[in-house]
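# Any chance you can model this:
(one chain, ligands or ions: 2)
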Amino acid sequence: MKSKLLTSYEKIQMPEALTLEHETLRAELIRWAREPGRIGKAAGRVTRLCETHFTKEEDILLRAFGMLHDIASDRARPDVAAVAKIVAHFGSQHDAMRGQHQSINTAIDNLFQLGRSEQIPDVAELAAMLKEHERMEDDVVYPTVLEIARSVQAGMGI
Ligand SMILES: [Fe+2]
Ligand SMILES: [Fe+2]
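Numbering: from 1, shown residues only. Ligands and ions are numbered 1, 2, ... in the order given. Predicted structure coming up:
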């Protein structure tokens, strides 16, 4: 079967399993950021740091994953402009996004300690989930996107 072309960057569907995780984390952070006192302040700090970070990840990383399924099954291939846009975005943002993980992790550690010291297990659990999320991105998602970009670029001669 001849593979068809994904017409544009905007049409690449982001995998729902990955966007749902961001949505769950966002909703929980916003809920705890509304709390008064130190917990609300600490959750608010994590929320602010994650806001633009999550959006950027969705726009760049999750779109790269969105291409993967079609490429692997040979159903569709992305057009050059779509791939070039992802590669250019990721190339220019990769170091900054890894740097954001460091600031986010510091804020998460603070939230975790507060959840523990104020004996609110849900807060400590949310902080642990966030930490795991960022670690999985550092160890799996970011390197995979680099690899997707490399292999698609090589296959398309760009
Ligand atoms: Fe993320
Ligand atoms: Fe992240």
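# Check for me that Thr52 belongs to a helix.
Yes. Using DSSP: H, G, I helix; E, B strand; the rest coil, the secondary structure at Thr52 is a helix.
# Could you check how far stretch 127-144 is from the centre of its chain?
8 Å (Cα atoms, centre = their mean, to the nearest Å).
# which parts of it are buried?
Across stretch 127-144, burial judged by 16 or more other Cβ atoms under 10 Å covers Ala127, Leu130, Lys131, His133, Glu134, Glu137, Val141, Tyr142. Placement of C-beta: from N, CA and C, glycine included.
# so which strand or helix has the second one?
I take that to be Leu130. Element membership for Leu130 (DSSP states H and E) is helix 121-136.
# Which neighbouring elements make contact with that helix?
Where contact means 3 or more Cβ pairs under 8 Å, 6 or more residues apart in numbering; DSSP states H and E, helix 121-136 is packed against helix 16-33, helix 37-57, helix 80-117.
# try it again with 6 Å
helix 80-117 (3 or more Cβ pairs under 6 Å, 6 or more residues apart in numbering; DSSP states H and E).
# how about the helix it packs on: buried residues?
Applying 16+ other Cβ under 10 Å to helix 80-117 flags 82-87, 89-90, 93, 97, 100-101, 104-105, 107-108, 110-112, 114-115 as buried.
# Equivalent analysis for stretch 49-67, please.
49-50, 53-54, 56-57, 60-67.
# neighbouring contacts of it?
12-15, 18, 22, 78, 86, 89-90, 100, 103-104, 107, 141, 145, 148 (Cβ atoms under 6 Å, 6 or more residues apart in numbering).
# swap the cut-off to 7 Å and go again
Stretch 49-67 is touched from outside by 9, 12-15, 18-19, 22, 26, 29, 78, 86, 89-90, 93, 97, 100, 103-104, 107, 141, 145, 148-149, 152, with contacts defined as Cβ atoms under 7 Å, 6 or more residues apart in numbering.
# swap in stretch 21-41?
43-44, 46-47, 50, 54, 58, 114, 118, 120, 123, 126, 129-130, 133.
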